[in-house]
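A.B. asks: For reference, the sequence and a predicted model appear below.
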Amino acid sequence: MSTPFEKPQIISHIQKSLNYTIFDSKWIPCSAKFVCLGNLARGTGVMQIYEVARGELRLVKEIENAKPLKCGTFGATSLQQRHIATGDFGGNLNIWDLEAGEAPLYSVKAHKEIINSLDGVGGLGVGDGAPEIATGSRDGTVKVWDPRQKDAPVANMEPGEGEAKRDCWTVAFGHAFNAQDRCVCAGYDNGDIKLFDLRNMSVRWETNIKNGVCCVEFDRKDINMNKLVATSLEGTFHVFDMRTQHPTKGFTSVSEKGQKSTIWQVRHLPQNRDVFMTTGGAGNLHLWKYDYPAQRSKEDSEGVSMGVAGTVNLLQNVTLSTQPIASLDWSPDKKGLCVCSAFDQSVRVLIVTKLNRV
């Protein structure tokens, strides 16, 4: 006789109100600390480091920045250094040593307008090849930076001749399973999704999901492309199977009307990449699991391989705030531990239980 499936629970472990708007929150790898990035009332940016200790949050450090800080990543740093890269409202890309002084180690005017999103790869032992940071901006460009090289990006993806400039809201690295291959996926305000192949500097694939693309994320960066989730302004998300690309139909996908409000972010569970969390404009979190089909590809009527989409199942959901939850980050070390921030100026440390039984 089979035992009944016990659903995971999403528990708000610690909640703290802050005196600024929080745009992003990130766990510091191999630690009980996380970083909050945001905008002070006086118009400057702020970065705060908090430590989780005995059920409470202790402020460890605070750094002020000339411009509000929009986004951050540890993805292009080593586990020994754990430097955070940040993008701000002035289009500046900065890299900070959290143990040292309050001036950035690296700073470049990356874009003419706000950096909406950035992602890193090649650090933390994740993905082969050079450490690189991708930035996406309101100025319509997507750029890739090697922190070891000053001033100029190593790749610059601009709108083509006669192509309208679109606001790039989100970028994500993937396909970094060897030293040669690597791609960047970008999502735009008009629903466009573009996959840039960095090896030959071309658009490998593009599609449109009809609504602004708030977030894209691969389930893993360090393997041959597997799955990509894209979330939208209108509460729908799409899971693309990236293993089989049809020459005309592209990648197959399954879409889910996840919530009635904007889905701000998607984050895959580091210890099980078929489980992911979406954050909502109504202050809610939804925990999902992707189930693969019996066969991931089939032949079309002309004998050409095409992908087969799986199914998405809701494991749990919870409402935490009256305001949108704008960021979420899983702890890379403690399964089920995550931090999220909402526009109610609160940061929350959450514990998701029973993930081993999913």
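C.D. replies: Structure received. Numbers count the residues shown, from 1 in each chain.
A.B. asks: contacting residues around the residue nearest in space to the middle of the chain?
C.D. replies: The residue lying closest to the centre of the chain (CA atoms, centre = their mean) is E217, at 5.4 Å. By CB atoms under 8 Å, 6 or more residues apart in numbering, E217 lies in contact with A172, L228, V229, V266, R267, H268, F276. Glycine gets a C-beta too; all of them are placed from N, C-alpha and C.
A.B. asks: Which strand or helix spans it?
C.D. replies: Under the criterion of DSSP states H and E, E217 resides in strand 213-218.
A.B. asks: Assign a three-state SS to the nearest residue to K165 once chain neighbours are set aside, would you?
C.D. replies: Nearest residue to K165 in three dimensions, chain neighbours excluded: G140, at 3.7 Å (CB to CB, 6 or more residues apart in numbering). Assigned by DSSP: H, G, I helix; E, B strand; the rest coil, the conformation of G140 is coil.
A.B. asks: for N356, same thing?
C.D. replies: Per three-state DSSP, the secondary structure class of N356 is helix.
A.B. asks: again, but for G125
C.D. replies: coil.
A.B. asks: what's around it, how many residues?
C.D. replies: 9 (other CB atoms under 10 Å).
A.B. asks: ditto for L355
C.D. replies: 16.
A.B. asks: quick one, what contacts it?
C.D. replies: Contacts of L355 (CB under 8 Å, 6+ apart): P8, L269, Q271, N272, V275, K335, G336.
A.B. asks: and Y290, what does it touch?
C.D. replies: Y290 makes contact with K227, V239, D274, V275, F276, G310, T311, V312, according to CB under 8 Å, 6+ apart.
A.B. asks: Now it: which helix or strand?
C.D. replies: Per DSSP H and E: Y290 is located in strand 284-291.
A.B. asks: can you pull the buried residues of whichever helix or strand comes after that strand?
C.D. replies: Following strand 284-291 in sequence order, the next helix or strand is strand 297-299 (DSSP H and E). The neighbour-count check on strand 297-299 (16 or more other CB atoms under 10 Å) flags nothing as buried.
A.B. asks: same for strand 297-299, what does it pack against?
C.D. replies: strand 305-307 (3 or more CB pairs under 8 Å, 6 or more residues apart in numbering; DSSP states H and E).
A.B. asks: in the strand it packs on, what's buried?
C.D. replies: Quick answer for strand 305-307 (16+ other CB under 10 Å): M306, G307.
A.B. asks: Can you list the neighbours in contact with that strand?
C.D. replies: Strand 305-307 has contacts (CB under 8 Å, 6+ apart) with 241, 243-246, 249, 251-252, 296-300.
A.B. asks: Show the buried residues in those.
C.D. replies: D241, R243, T244, Q245, F251, T252, R296.
A.B. asks: The first one and S253 touch, don't they?
C.D. replies: When you say that, I think you mean D241. Yes: counting by CB atoms under 8 Å, S253 is a contact partner of D241 at 7.0 Å.
A.B. asks: what sits in contact with each of the two?
C.D. replies: What both D241 and S253 touch, as defined by CB under 8 Å, 6+ apart, is the set A309.
A.B. asks: Return the residues in contact with R82.
C.D. replies: I28, P29, C30, S31, F74, L98.
A.B. asks: Give me the neighbour count for the second one.
C.D. replies: The number of residues packed near P29 is 19, by other CB under 10 Å.
A.B. asks: Next: S255.
C.D. replies: Residues lying near S255 (other CB under 10 Å) number 15.
A.B. asks: Equivalent analysis for the one 10 residues further on, please.
C.D. replies: Q265: 23 surrounding residues under other CB under 10 Å.
A.B. asks: give the contact list for it.
C.D. replies: C214, C215, T231, T278, T279, I325, A326, S327, L328.
A.B. asks: Just these: which are in strands?
C.D. replies: Mapping those onto strands (DSSP state E) picks out C214, C215, T231, T278, T279, I325, A326, S327, L328.
A.B. asks: ranges for the strands of the stretch 51-200 of the chain?
C.D. replies: Remark: strands assigned in the stretch 51-200 of the chain by DSSP state E, counting those that start in this stretch are 56-65, 69-73, 84-88, 92-96, 106-109, 115-121, 132-137, 142-145, 155-157, 168-174, 183-188, 192-197.
A.B. asks: try the stretch 201-350 of the chain
C.D. replies: Using DSSP E, counting those that start in this stretch, strands in the stretch 201-350 of the chain cover 202-208, 213-218, 227-232, 236-241, 253-257, 263-269, 272-280, 284-291, 297-299, 305-307, 311-319, 325-330, 337-342, 346-352.
A.B. asks: sorry, back to before: now the contacts of Y290: which count as buried?
C.D. replies: Those of the contacts of Y290 that meet the buried threshold are K227, V239, D274, V275, F276, G310, V312, by 16+ other CB under 10 Å.
A.B. asks: Mark which of the ones in strands among the contacts of Q265 are buried, thanks.
C.D. replies: For the ones in strands among the contacts of Q265, buried by 16+ other CB under 10 Å: C214, C215, T231, T278, T279, I325, A326, S327, L328.
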